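# pasting the structure only:
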């Protein structure tokens, strides 16, 4: 299992989804290094996450005594976030070319053993990871939204993903309180069951 105590998890792209992934991982004990091209997002990442957690507490969806067991570290440079990362989660705009360019940059910096995950829900993973070195360590990792409330996380391997990579990512997810579900290449994205959707709607109404 990836060692959460050594600050070796990175989230690149802290927009609507990425900042919640970082917040959830920190809540569960990870030291998360985050990077984004928007300096305002980096400057406000801590206050935004704090506000998200406070809102959950006020709505009774998070224990009032709950505090992040880990922390979030904002990195102005991509290299600062990914150089020593064991797991990198990308959450930028849904554009295959942009993601591919980013992963090539990440791969040129990080360790050859670092696991590279895209949050894409619909793009062809073969295009996202095209010509990225060591494609066996790449896959799709989709945190279902809203991240703090749904414990399911969708793992999507592609033709080059190794079984070892799938296993490592699934074990990591389990260690941070997520329940991994594996989706085959070409399968439709996971949809909540009627019961899950009903429970989520009740919770979602409480925070809106």
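Yep, that arrived. Since the model is a prediction, treat every value here as computed from it, not as a measurement.
# mind listing the strands for the chain?
9-12, 31-35, 71-74, 87-90, 115-118, 138-143, 152-156, 179-182 (DSSP state E).
# nearest to residue 125, of these?
strand 138-143 (5.5 Å; CB to CB). In this view, the C-beta of every residue, glycine as well, is placed from N, C-alpha and C.
# hmm, who's touching the closest one?
Strand 138-143 is contacted by residues 17, 20-21, 24, 89, 103, 115-121, 125, 129, 132, 150, 153-158, 160-161, 165-166, 169, 178, 183, 189-190 when judged by CB atoms under 8 Å, 6 or more residues apart in numbering.
# and the residues you listed, which of them are in helices?
Those of those mapping onto helices are 20, 21, 24, 103, 125, 165, 166, 169, per DSSP state H.
# and of these, the nearest to residue 52?
The closest of these, once distances to residue 52 are taken by CB to CB, is residue 20, at 6.9 Å.
# just say which of the strands of the chain is most tucked in.
Ranked by mean neighbour count, the strands of the chain are led by strand 9-12 with a mean of 28 (mean count of other CB atoms under 10 Å).
# what average pLDDT does that one get?
Computed over strand 9-12, the mean pLDDT rounds to 98.
# what about the chain, any weak spots by pLDDT?
Within the chain, the segments meeting pLDDT under 70 span 1-7, 184-208.
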